[in-house]
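Enquirer: Predicted structure and sequence below. I'll ask about it afterward.
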Amino acid sequence: GFYSYYSNVFVSGVPGDTSIAAAEQREFVAPENSIAVLPFADLSEDSSQGYFSDGIAEEILNVLAKVDGLHVAARTSSFAFRKPDKDIREIGRLLNVSTVLEGSIRKAGDRIRMTAQLINVEDGYHIWSESFDRKLDDVFAIQDEIASAIAAALVDSFAGLEQKPESRTRNLAAFEAFRTGRLHWWRRSPDEIQEAITLFAKALEHDPLFAPAYAALADSWLLLAMYGNLTNMKATERAMPMIEKALQIDPESAEAFAALGLARWQIGQMDAGESALRQAISLNEDYIPAYLWLGGMLGELGRLPEQDQVLQQAMALDPLNELLAINYAGNLASRGDHAGAMELLQGLVSLRPDSATLLRIMSGHAIRSGDLIGGWRYASQSYDLEPDSPVVIETLAGAWSSVGVEDKAENLLLDGLEIAGDNFS
């Protein structure tokens, strides 16, 4: 199954043994100083602060990720447990961490009440807990207090937080817009990426010196060339000024170097792209998009052993990230393990049945493995979720063609051309 597959990757380093019994018998050993930050619960009266509470938890995660000696599970994996139906100890095992931070937020007017609890995965007991009742303007100070307390509890050598001012914003409106934009950004449909662009631009209206927002705008335009209807050259033309601005503000911005690497890759400058992506990882070893794009580039170049290594490094940080899993499934298939690739994806789709991207990729794997009906079924499910996505339309058209229904395929492609003509001129 899915979890036993990952258990083999992380514990033994040898994928492929998918025995559930063997996984259950294996002793759980997470890194000693490791933590997952779960989404904070929104306890506001109208439950309207979900994005805000997510942003608080993510910012604490980001601060902790910069503490030397602390291993922090990535957001896309830890946030899979938004409404945890699993025991904290089981969540810790799935995320390969020894501690878990959970909390809640109640926002009313200009006041905020925040609680946080650090829990030991091994026995389920609290290591640390605290409540804060402050003015909303103090939210950034609260985040740092929580991060400092956790780091001090887990890392003996902790000597205080080190934060570059240009990598953060102290403007509450910019903070909310940026974090909400990132939530849309990860969903990867054209509409979601467009919404992310709007929110990143809004963040910059409130804080024009917020370097990560410039980098986010840049890679959003570049992603529209991958998932939407924008050409690579137009995407690069829009992205490069944003990358340059981010690096002007913060010459050591991992986000900006990753966006630069993506831009170079998309226009075929492979050496420059690889150099920029490796620089991004050296600046921030926890920045998952850099691993993701470097893995994609290495796969395209046929450097499969290197791609395998990069993706496994990233999955150790972010074990439930569907985009990493999709790329790793591609690596497995390229090395002839089609069954392992499909098992990996089928396990993940059971967690994310509403992922059009995941279903679309599964369609391609199924068709290449000779399961034409299964491939058509996955493509149809993807289309039901995102009927206006060009890549989804193309996938379903290919699936219809594979089962010999050419008129359906042609009509879909015509629909896709019409949509493309209406967008991203």
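Expert: Looks like it came in fine. Residues are numbered from 1 along each chain as shown.
Enquirer: what does the average pLDDT come to for stretch 382-397?
Expert: Stretch 382-397 shows a mean pLDDT of 91.
Enquirer: what's next to that stretch, contact-wise?
Expert: Stretch 382-397 is contacted by residues 189-191, 226-229, 354-357, 359-360, 363-364, 376, 379-380, 408-410, 412-413, 415-416, 419-420 when judged by Cβ atoms under 8 Å, 6 or more residues apart in numbering. In this view, the C-beta of every residue, glycine as well, is placed from N, C-alpha and C.
Enquirer: do the same with stretch 269-281
Expert: The contact list for stretch 269-281, computed with Cβ under 8 Å, 6+ apart, reads 254-255, 257-258, 260-265, 287, 290-291, 293-294, 297-298, 301.
Enquirer: List buried residues within those residues.
Expert: 254-255, 257-258, 260-265, 287, 290-291, 293-294, 297-298 (16 or more other Cβ atoms under 10 Å).
Enquirer: so how far does stretch 278-298 reach from one end to the other?
Expert: Distance across stretch 278-298, first residue to last, is 12 Å (Cα to Cα, to the nearest Å).
Enquirer: ok so, going back, and the contacts of stretch 269-281, which of them are in helices?
Expert: Among the contacts of stretch 269-281, DSSP state H puts 254-255, 257-258, 260-265, 290-291, 293-294, 297-298 in helices.
Enquirer: For Arg113, which three-state class applies?
Expert: The local conformation at Arg113, judged by DSSP: H, G, I helix; E, B strand; the rest coil, is strand.
Enquirer: May I have the beta-bridge partners of it?
Expert: On the basis of DSSP bridges, Arg113 is bridged to Arg106, Asp133.
Enquirer: What separation do you get for the residue nearest to Leu292 when sequence neighbours are not counted and Arg238?
Expert: Distance criterion Cβ to Cβ, 6 or more residues apart in numbering; nearest residue to Leu292, sequence neighbours excluded, is Leu323 at 5.6 Å. Distance of Leu323 to Arg238, computed by Cβ to Cβ, to the nearest Å: 22 Å.
Enquirer: neighbour-wise, which of these two wins?
Expert: Neighbours per residue (other Cβ atoms under 10 Å) separate Leu323 from Arg238, with Leu323 holding more: 22 against 18.
Enquirer: what is the mean pLDDT for stretch 90-105?
Expert: Averaged over stretch 90-105, pLDDT sits at 88.
Enquirer: ugh, wrong one, I meant stretch 75-83
Expert: Averaging pLDDT along stretch 75-83 gives 81.
Enquirer: Buried ones in it, by neighbour count?
Expert: Arg75, Thr76, Ser77, Ser78, Phe79, Ala80, Phe81.
Enquirer: Which neighbouring elements make contact with whichever helix or strand the third one is part of?
Expert: Spelled out, that is Ser77. If you go by DSSP states H and E, Ser77 is part of helix 75-78. Other elements packing on helix 75-78 under the criterion 3 or more Cβ pairs under 8 Å, 6 or more residues apart in numbering; DSSP states H and E are strand 34-37, helix 50-65.
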